[in-house]
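# Starting from these lines, generate the structure:
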Amino acid sequence: MSFSDSYTGMTRLKLRLGLALAAMAFASAAPAAMYDAPAEGSDVIGKVQHVRTKESDTFVALARQYDVGYRELRLANPDVDPWLPGDTDLIIPTAYVLPDVKRTGIVINIPEMRLFYFPPKGSENAGKVFTFPIGIGRQGWGTPLGETRISQRIPNPTWTPPASIKKEHAEKGDPLPDVVEAGPNNPLGQYALRLALPSYLIHGTNKPAGIGMKVSHGCIRLFPADIEKLFSMAEVGMPVNIVSQPYKIGWDEDHLVMEAHPPDADGDAPVKSFTPWVQELIGATEDRPNTPVDWNVAEQVARQTDGIPEPIGGGAATQRAASAEPAAREAQTADEAGDADPFRQG
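Numbering: from 1, shown residues only. Below you'll find the model as predicted:
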């Protein structure tokens, strides 16, 4: 039996048991968006769930119920009709590899369409991690990457549409007023956090069906309940780091896991010299160079991009999988030769 077969088999058995318990625990209530921070050296929070859908369910309704994005459900359940799922077993992808950045303040991963909040030491929620699905900028209105901060907290915000958005709406026969007052028709929802990036906000929405989609003009949208929670914890000056990490690789205790999302070329990071997921994997094992890695499984996860963390190495295995060197060399050779690379960013 190969390392991949034995390790994956044991992990999936544990996963099935966890899923059964999770399905019972969450049958009547949505999970909280708060998790215990992983132990030192670990990078995974949450657990994948399975639920049984009914005839009246839709992905839009289920996304809000379980605090996940619409696209997250689509990627995790590609063979299920999002509008008429019927009576079926549905995966709720509520397990996450944390982004590979400093764990402080707010971190937003654009390809994942997800926000992570790391409360400061000494605060009421120290030692916890909060995570929320988001809506982001659509084509031509990409949400920018980079480090910034919260510059203003705005309860019951009014919205002054910029000239470009007023023109867009007017051309569609849907003219906007100069100012949209606070209330149920305000697209900013009930709370907004202004960023130190000109014209960008983290805010609520009066159209929660758009969470988990590229629908905004560059701002970050959250479900009403999520922005209310984040707003209550956010402070002026809090750091905000907007990153692009479609391939997240980290540790779940001594197991190496990988989570992949579709790379987004609109406003994404520059092209890397190696295939991005290979480079990320090599970086993740720098401190544990003798980690056995199943490169075939890793490639499958990278191609599948279903947003679900999967084991790709580590653990108690004694058999080394294919080493990083030939895989990296092969990727570099293809890169230098100009071959088409489905994993390129940009």
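# Could I get the full set of helices for the stretch 51-200 of the chain?
59-66, 70-76, 163-171 (DSSP state H, counting those that start in this stretch).
# Where among the ones you listed is average confidence lowest?
Lowest mean pLDDT within the helices of the stretch 51-200 of the chain: helix 163-171, at a mean of 68.
# any weak-confidence spans in the chain?
Counting by pLDDT under 70, the chain contains low-confidence residues at 1-32, 138-141, 161-169, 171, 174, 177-180, 216-218, 264-274, 316-346.
# Now do the domain split for it, please.
3-97, 105-243, 247-336 (automatic domain parsing).
# Adding mean neighbour count, write the ones you listed out as a markdown table.
C-beta coordinates here come from the backbone N, C-alpha and C atoms, glycine included. Formatted as a markdown table, the domains of the chain follow (neighbours: other CB atoms under 10 Å):
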| stretch | mean neighbour count |
| --- | --- |
| domain 3-97 | 16 |
| domain 105-243 | 17 |
| domain 247-336 | 18 |
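# For Ser123, what are phi and psi?
Here is the backbone geometry of Ser123 (degrees, to the nearest 10): phi -80, psi 170.
# quick one: contacts for the nearest residue to it once chain neighbours are set aside?
Excluding the flanking residues, the one nearest Ser123 by CB to CB, 6 or more residues apart in numbering is Met233, at 7.8 Å. Taking CB atoms under 8 Å, 6 or more residues apart in numbering, we find Met233 in contact with 117, 119, 123, 125, 130.
# ok, those vs Leu201, which is closest?
Closest approach between the contacts of Met233 and Leu201, by CB to CB: Tyr117, at 15.9 Å.
# Which strand residues bridge the closest one?
In this entry, Tyr117 is beta-bridged to Ile106, Phe130, by DSSP bridges.
# how much space between it and Ser123?
From Tyr117 across to Ser123, the span is 11 Å (CB to CB, to the nearest Å).
# related to what we said a few turns ago, out of the contacts of Met233, which is nearest to Thr94?
Phe130 (13.0 Å).
# Now do the same contact list for that closest one.
With contacts defined as CB under 8 Å, 6+ apart, the neighbours of Phe130 are 33-35, 116-117, 119, 229-230, 233.
# May I have the secondary structure class of Ala298?
Three-state call for Ala298 (DSSP: H, G, I helix; E, B strand; the rest coil): helix.
# For it, give me its contacts.
Residues in contact with Ala298 (CB under 8 Å, 6+ apart) are 258, 277, 281, 312-313.
# circling back to that earlier point, ok, the residue nearest to Ser123 to Phe118 distance?
Separation of Met233 from Phe118 (CB to CB) stands at 11 Å.
# cool, and Pro175?
Distance of Pro175 to Phe118, given as CB to CB: 42 Å.
# which ones are touching the spatially most central residue of the chain?
In the chain, the residue lying closest to the centroid (CA atoms, centre = their mean) is Glu112, at 3.1 Å. By CB under 8 Å, 6+ apart, the contact list for Glu112 reads 99, 245-246, 248, 261, 307.
# hmm, try it at 10 Å
By CB atoms under 10 Å, 6 or more residues apart in numbering, Glu112 lies in contact with 69, 71-72, 96-97, 99, 131, 133-134, 136, 243-246, 248, 259-262, 264, 307.
# now swap in Ile220 and tell me
Applying CB under 10 Å, 6+ apart, we find Ile220 in contact with 106, 108, 110, 113, 115, 132, 134-137, 143, 193, 195, 200-203, 227, 240, 242.
# Now with 6 Å, please.
With contacts taken as CB atoms under 6 Å, 6 or more residues apart in numbering, Ile220 has the following neighbours: 134, 202.
# any idea how far it is from Ser244?
Taking CB to CB as the measure, Ile220 falls 14 Å from Ser244.
# about what we covered before: mind putting the contacts of Phe130 in a markdown table, distance to Pro82 included?
Below are these laid out as a markdown table (distance: CB to CB, whole Å):
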| residue | distance to Pro82 |
| --- | --- |
| Ala33 | 22 |
| Met34 | 27 |
| Tyr35 | 26 |
| Phe116 | 25 |
| Tyr117 | 28 |
| Pro119 | 34 |
| Lys229 | 26 |
| Leu230 | 26 |
| Met233 | 32 |
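# Which of these fall in strands?
Counting by DSSP state E, the part of the contacts of Phe130 found in strands is 34-35, 116-117.
# Considering those, which is situated nearest to Pro184?
For the ones in strands among the contacts of Phe130, the minimum distance to Pro184 (CB to CB) is 26.3 Å, reached by Tyr117.
# That closest one contacts Ile106, doesn't it?
Yes: when contacts are counted by CB atoms under 6 Å, Tyr117 is listed as touching Ile106 (5.3 Å).
# Wasn't Val215 part of a strand?
Yes: assignment of Val215 by three-state DSSP places it within a strand.
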